[in-house]
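S.K.: what's the 3D shape of this:
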Amino acid sequence: MSDLFWLSDEQMSRLEPFVPKSHGKPRVDDRRVLSGIIFINRNGLRWRDVPREYDPHKTLYNRWKRWSDKGIFAQMLVGLAAIHGEEKMVMIDATYLKAHRTASSLAGEKGGRSRLIGHTKGGMNTKLHAVCESRGRPLNLFVTAGQVSDYIGARVLVSSLPNVEWLLGDRGYDADWFREALKAKGIRACIPGRKQRKTPVKYDKRRYKRRNRIEIMFGRLKDWRRVATRYDRCPKVFLSAIALAELVIYWL
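M.R.: All right, here's what the predicted structure looks like:
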């Protein structure tokens, strides 16, 4: 198959510090297994449909599940994003990711809250909250049930914001407590005020236009079919799929 994905030597060298050491019996080649895992996630395939050039599908799935449970892929993203060097501006936003019936089945009966899948007007969804730097590269992210407000995302992400001058966000982040939290960190808010505010909020409209970069990031992320549609019941595994996509698109 000519469209198979293979990690390069340079890409593997960047991932090497985050790869767990092998104990006991030597494991199957990391490059081949990781390349196969990326191919599966990007194309939305079932594990049993993996091309034979990679490995038996059980080998890939077991490595994927084991490293996801340990948070290895999330650690890779956070570790590589830590070298961003951003000093001027970050952006915050959230987007919905559709949950397939295989992920959302029995959610109401067996604890849909723990699966982080919720009912919205668009059906069963998971919400991805993210912070990006000025070029649109993701710095931090986490997932909640679809009906969770942007305020919750802001509360979680505000403590991890880098030392920058500006934060760009849409009206969903217009809250006095959030503006005060940003001010306490020395960050200026470029956030339009909600329409029901009695006193209009001034913001830099020209600077605000740059917020489209985080929208572009979400668009590119949803090109990965196992991210755009959530098939995984376990939130930690689904977050690993998102982190892996972000790694390949922006940080490798």
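S.K.: R230: what's it in contact with?
M.R.: Taking C-beta atoms under 8 Å, 6 or more residues apart in numbering as the criterion, R230 is in contact with L97, K98, A99, H100, A103, I117, T126, F238. Where C-beta positions appear, they are placed from N, C-alpha and C, glycine not excepted.
S.K.: min pLDDT across the residues you listed, which one?
M.R.: In terms of pLDDT, A103 ranks lowest among those, with 87.
S.K.: Am I right that that residue is in a helix?
M.R.: Yes: read with DSSP: H, G, I helix; E, B strand; the rest coil, A103 is one of the residues of a helix.
S.K.: Make 19 the first number, not 1, from now on.
M.R.: With 19 as the first residue, the last one maps to A121.
S.K.: For L115, see how far away it is.
M.R.: 10 Å (C-beta to C-beta, to the nearest Å).
S.K.: Equivalent analysis for E264, please.
M.R.: 13 Å.
S.K.: Tell me which of these two has more neighbours.
M.R.: The residue with more neighbours, out of E264 and L115, is E264; 28 against 21, by other C-beta atoms under 10 Å.
S.K.: which element is C150 on?
M.R.: Using DSSP states H and E, C150 sits within strand 141-151.
S.K.: Can you give me the neighbour number for H147?
M.R.: H147 sits with 21 neighbouring residues when counted by other C-beta under 10 Å.
S.K.: show me what contacts it?
M.R.: By C-beta under 8 Å, 6+ apart, the contact set of H147 is I110, D111, A112, L159, F160, V161, T162, D168, I170, G171, V174, L175.
S.K.: Repeat that for R197.
M.R.: Applying C-beta under 8 Å, 6+ apart, we find R197 in contact with A207, I209.
S.K.: now A263
M.R.: Residues near A263 by C-beta under 8 Å, 6+ apart: N59, R60, L239, W242, V245.
S.K.: In helices, which of the contacts of R248 fall?
M.R.: Filtering the contacts of R248 for membership in helices, criterion DSSP state H, returns A121, F256.
S.K.: what's the most distant pair in the contacts of R248?
M.R.: Maximum pairwise distance among these (C-beta to C-beta): 11.7 Å, between K116 and F256.
S.K.: More neighbours: those two, which one.
M.R.: Between K116 and F256, counted using other C-beta under 10 Å, F256 has the larger neighbour count: 25 against 17.
S.K.: does that one really touch V161, like I thought?
M.R.: Yes: with contacts counted by C-beta atoms under 8 Å, F256 reaches V161, the gap being 6.7 Å.
S.K.: Now for those two: what residues contact both?
M.R.: L134, T144.
S.K.: I90 and P38 touch, don't they?
M.R.: Yes: counting by C-beta under 8 Å, I90 does reach P38; the two are 6.5 Å apart.
S.K.: next helix or strand past the helix or strand of the chain with the lowest mean pLDDT?
M.R.: For the chain, the helix or strand with the lowest mean confidence is helix 130-133, at a mean of 67 (criterion: mean pLDDT, DSSP states H and E). Past helix 130-133, further along toward the C-terminus, the next helix or strand under DSSP H and E is strand 136-138.
S.K.: what sits up against that next one?
M.R.: Residues outside strand 136-138 that contact it (C-beta under 8 Å, 6+ apart) are Y114, G130, M142, N143, T144, K145, T162, A163, G164, Q165, V166.
S.K.: if we take the residues you listed, which one ends up nearest to E28?
M.R.: Nearest to E28, judged by C-beta to C-beta, of these is T144 at 32.6 Å.
S.K.: other SSEs contacting whichever strand or helix holds R84?
M.R.: Per DSSP H and E, R84 falls inside helix 75-87. Here helix 75-87 touches helix 48-61, helix 253-264, going by 3 or more C-beta pairs under 8 Å, 6 or more residues apart in numbering; DSSP states H and E.
S.K.: buried stuff in stretch 27-45?
M.R.: Q29, M30, R32, L33, F36 (16 or more other C-beta atoms under 10 Å).
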